[in-house]
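Participant: fold the stuff below for me.
(2 chains)
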Amino acid sequence: MGSDRSKLGFYLLLAPLLLWLVTLIILPHIGLFAVSISEKVGVREYETGLGNYAVFFNEPLYWRTFARTAFMSISTTVLTLLLGFPIAYYIAKLTRGRTKTTLFLMCLIPFWVSELVRTFGWMILLRETGVLSNFLQYTGVIGGPVEFLYNDGAIMVGLVYTSILFMIVPLVTTLDSLDDSLIEAGYDLGGSGFSILREIVIPHAMPGIVSGCIVVFMLSLGNYLTPILLGGKDSLWFTGLIYTQFITRFNWELGSAFGFLLLALSSAVVFLGLKLSRQSLSNTMGR
Amino acid sequence: MIPTVPQSTALKWSYRAYVTLFFVYLALPLTVVCVFAFNDSVFPSLPWEGFTWAWFFGTEAPFIGVFHERSILRSIGVSAFVAVWVAGLAVAVGTCNAFLFVRHDFRGKGFLYILMLLPLIIPGVILGISILVFASSVANTLEDATGLWFDGLRPGLILVILGQFSFITTFATLVISARLQKFDPSLEEAALNLGATKWGAVRQITLPFLMPAIIGAGVVAVLMSFENFNTTLMLVGSESPLTITMFDKLKHGSTPVLNAVSLLLIIGSAALGLLSLIFQRTKGG
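Facilitator: Next up, the predicted model:
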């Protein structure tokens, strides 16, 4: 700490940071916005205008896909929170020592493995000739092979699987710091399990809940692999549209507008989440 | 609720059952991927046709194993190349950032810190397209101005490395800063009193203290680079890293050779992940 004695050393440390942030984060996003508000009028001739955004709002397929992606990401976030909270609570409060470390590691390992491998696993499980279909036929629940892939349910299963760790880790961290005696006090004062959860546990876990929800929502919104592979051709995920505009159609102007809309939604949700819970980005993410 | 608070047995057992079920859910996809790597059939699906090592060592079509499949071997090489560059750059810049944010106070520090965290909340696809658009417009401008070609700014490995570097650096910065904060500055002052130069003290006292975090961050960076898909997808050129190659094969349907690669990836990433934990747990100094 302290004041800067050697100015040179300070600038030498500042240079890589600025170089990184300016050339790879700030300028590219300004460029993206600039491209998104330019319309092609001829060969290498462009005009500034909001035409690309107008295309988005006038074409139902586009904005419906956008809304659908947002809605399914919110559902994923809620589902992940509901499924992950009991697990995080179990790890943080009901286990000790080695069991705790082992359970935590068992949660971590699947997430060190590439998302592609995880999604591949779900494809093997859910496809028509897959494990689940065969198992259900074997037990006599269904008569013939059933395709469990390529529907919204499959996308949700995959998204929840892919993002649940990012819910569990912050929850375990915050729940760990909750003093057991507070729960005991609540119980001694006559609180029921539900009221203790509502009055003591959840308020304490709020920072973890918020950062978990933000990360999960963002990851789902920006996910490409899971919806495309598990949802098939009709997955209608917004990142899929961006990819099509950029790589297949080579319409970078429209693609940039799409990209900016996705970024705006994602940032808005992060901002709102932080405001509602009175957290700051540094506290939530910088851990 | 907690062990000291009494609770009905039924509730306790249903809670345990749920936790067990959850871990089954976690393990299921990875288990089937591994099991089907040994299925003696050309499709990674049921029925079970018997045990085989062919998807690892096989040489005859269609039973070509991982170790003889050219496209996969080449893409593993590409991934390793990218990962080494990304990890090296991210750790170098991350260490500088850690010193800057922990040791210095300056105007705009809070703002720069938030800016440094931003890559965490930008979706990977957006990061990819923004760098793609920016690099292409720079390349176009330079080519118009000079008449030379700037292929490095077109989709390809350099852009993939830059794209991954752009957000992995944030992770490296956070990991290394966390350890630097625990460092006792009086150790460095002692070295200065004993006649060390500023740089000498940092190199001989502070950097060794940071080493576990630096190596840990490097391992995490390699892992994240190897597995990155979203950003890479938008920036990739003719040479594709492993995840992209696997994605293409997966989309068009493939033999269980994919399961074999996945099994190796699972083992590799679990090992690397544990390694990074061990390094970050080292609380020496």
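Participant: from here on, just use CA atoms for contacts and neighbour counts.
Facilitator: OK.
Participant: what is the neighbour count of the residue in the stretch 101-250 of chain B positioned nearest to chain A?
Facilitator: As assessed by CA to the nearest CA, chain A sits closest to residue B:103 within the stretch 101-250 of chain B, at 4.4 Å. Number of residues near residue B:103 (other CA atoms under 10 Å in any protein chain shown) recorded here: 17.
Participant: tell me the pLDDT at residue 3?
Facilitator: Using chain A here. Looking at residue A:3, its pLDDT is 46.
Participant: ah, no, chain B please
Facilitator: On pLDDT, residue B:3 comes in at 68.
Participant: just to revisit the earlier point, distance of the residue of the stretch 101-250 of chain B closest to chain A relative to residue A:168?
Facilitator: 32 Å (CA to CA, to the nearest Å).
Participant: and if you look at residue B:35?
Facilitator: Separation of residue B:35 from residue A:168 (CA to CA): 27 Å.
Participant: how about stretch B:122-141: buried residues?
Facilitator: Of all the residues in stretch B:122-141, those buried under the rule 16 or more other CA atoms under 10 Å in any protein chain shown are B:122-137, B:139-140.
Participant: how far is it from where the chain is centred?
Facilitator: Chain-centre distance of stretch B:122-141: 21 Å, with CA atoms, centre = their mean, to the nearest Å.
Participant: what's the neighbour count on residue B:186?
Facilitator: Neighbours of residue B:186 using other CA under 10 Å come to 9.
Participant: secondary structure element for it?
Facilitator: For residue B:186, the host element (DSSP states H and E) is helix B:185-193.
Participant: any weak-confidence spans in the stretch 1-150 of chain B?
Facilitator: Within the stretch 1-150 of chain B, the stretches with pLDDT under 70 are B:1-6, B:44, B:47, B:54, B:58, B:62-63.
Participant: tell me where it has helices.
Facilitator: Counting by DSSP state H, counting those that start in this stretch, the stretch 1-150 of chain B has helices at residues B:9-36, B:54-57, B:70-103, B:109-117, B:124-146.
Participant: likewise for the stretch 1-150 of chain A?
Facilitator: Using DSSP H, counting those that start in this stretch, the helices assigned to the stretch 1-150 of chain A run over residues A:7-20, A:27-36, A:51-58, A:60-89, A:97-112, A:115-126, A:131-139.
Participant: one step back: residue B:35 and residue A:168 - which one has more neighbours?
Facilitator: Between residue B:35 and residue A:168, counting by other CA under 10 Å, residue A:168 is the more crowded of the two (26 against 14).
Participant: which helix or strand contains the more buried one?
Facilitator: Taking DSSP H and E as the criterion, residue A:168 maps to helix A:152-176.
Participant: next structured bit after that helix?
Facilitator: Counting by DSSP H and E, the next helix or strand C-terminal to helix A:152-176 is helix A:180-188.
Participant: output that following helix as CSV, nothing but the C-alphas.
Facilitator: In CSV, the C-alpha atoms belonging to helix A:180-188 read as follows (Å, rounded to 0.1, in the frame of the first residue of the first chain):
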residue,chain,number,x,y,z
ASP,A,180,-25.1,-22.9,14.1
SER,A,181,-26.1,-21.2,17.4
LEU,A,182,-28.3,-18.8,15.5
ILE,A,183,-30.4,-21.7,14.2
GLU,A,184,-30.4,-23.3,17.7
ALA,A,185,-31.5,-19.9,19.2
GLY,A,186,-34.3,-19.8,16.6
TYR,A,187,-35.4,-23.3,17.6
ASP,A,188,-35.2,-22.6,21.3
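Participant: check whether it contacts chain B.
Facilitator: Yes: Helix A:180-188 reaches chain B (CA under 8 Å from any CA of the partner chain) through A:180, A:183-184, A:187.
Participant: ok, residue 51 - contacts?
Facilitator: Unless you meant another one, I'm taking chain A. Shown in contact with residue A:51 (CA atoms under 8 Å, 6 or more residues apart in numbering or on different chains): A:37-39.
Participant: was after chain B, sorry
Facilitator: The contact partners of residue B:51, taken as CA under 8 Å, 6+ apart, are B:38-40.
Participant: closest one of those to residue B:211?
Facilitator: Sorting the contacts of residue B:51 by how near they are to residue B:211, with CA to CA, puts residue B:38 at the top with 40.5 Å.
Participant: okay, now that closest one: neighbour count?
Facilitator: Count around residue B:38 with other CA under 10 Å applied: 22.
Participant: same question for residue A:197.
Facilitator: For residue A:197, the neighbour count with other CA under 10 Å is 16.
Participant: up against chain A, what does the stretch 151-285 of chain B have?
Facilitator: Residues of the stretch 151-285 of chain B lying near chain A by CA under 8 Å from any CA: B:162-163, B:166, B:174, B:223, B:227-230, B:234, B:243, B:246-247, B:250-251, B:262, B:265-266, B:269-270, B:273.
Participant: quick one: buried ones out of those?
Facilitator: With burial judged by 16+ other CA under 10 Å, the buried subset of these is B:162-163, B:166, B:174, B:223, B:227-230, B:234, B:243, B:246-247, B:250, B:262, B:265-266, B:269-270, B:273.
Participant: can you tell me how far residue A:30 is from chain B?
Facilitator: Going from residue A:30 to chain B by CA to the nearest CA, to the nearest Å gives 8 Å.
Participant: need the pLDDT of that residue.
Facilitator: Note on residue A:30: pLDDT of 91.
Participant: not counting sequence-adjacent ones, nearest residue to residue 176?
Facilitator: Assuming you mean chain A. Spatial nearest neighbour of residue A:176, excluding adjacent residues (CA to CA, 6 or more residues apart in numbering or on different chains): residue A:92 at 5.2 Å.
Participant: sorry, should have said chain B
Facilitator: Closest to residue B:176 by CA to CA, 6+ apart is residue B:213, at 5.4 Å.
Participant: checking the one you found next. Helix, strand or coil?
Facilitator: helix (DSSP: H, G, I helix; E, B strand; the rest coil).
Participant: contacting residues for it?
Facilitator: Going by CA under 8 Å, 6+ apart, residue B:213 touches B:175-176, B:179, B:279-280.
Participant: okay, it: pLDDT?
Facilitator: Note for residue B:213: predicted pLDDT of 88.
Participant: circling back to that earlier point, neighbour-wise, which one of the contacts of residue A:51 leads?
Facilitator: residue A:38 (21 neighbours).
Participant: next up, the contacts around it.
Facilitator: Listed by CA under 8 Å, 6+ apart, the contact set of residue A:38 reads A:46-52, A:253.
Participant: over to residue A:25?
Facilitator: Residue A:25 touches B:119, B:127, B:131, B:166, counting by CA under 8 Å, 6+ apart.
Participant: what sits against the first one?
Facilitator: Residues in contact with residue B:119, defined by CA under 8 Å, 6+ apart, are A:25, B:127, B:166-167, B:170.
Participant: which among these gets closest to residue A:145?
Facilitator: Of the contacts of residue B:119, the one sitting nearest to residue A:145 (CA to CA) turns out to be residue B:127, at 41.1 Å.
Participant: the closest residue to the closest one other than its chain neighbours: which element?
Facilitator: Of all residues not flanking residue B:127 in the chain, residue B:231 sits nearest, at 6.3 Å (CA to CA, 6+ apart). With secondary structure defined by DSSP H and E, residue B:231 is part of helix B:230-235.
Participant: could you export the helix or strand that comes right after that helix as CSV, CA atoms only?
Facilitator: Using DSSP H and E, the helix or strand that follows helix B:230-235 towards the C-terminus is helix B:242-252. Listed in CSV are the C-alpha atoms of helix B:242-252, where the atom choice follows Å, rounded to 0.1, in the frame of the first residue of the first chain:
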residue,chain,number,x,y,z
LEU,B,242,-10.3,-30.3,-29.5
THR,B,243,-13.7,-29.0,-28.3
ILE,B,244,-14.6,-27.7,-31.8
THR,B,245,-13.5,-31.0,-33.5
MET,B,246,-15.5,-33.0,-31.0
PHE,B,247,-18.5,-30.8,-31.5
ASP,B,248,-18.4,-31.3,-35.3
LYS,B,249,-18.1,-35.0,-34.9
LEU,B,250,-21.0,-35.0,-32.3
LYS,B,251,-23.3,-33.1,-34.6
HIS,B,252,-22.8,-35.5,-37.5
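Participant: kind regards, and thank you for your time.
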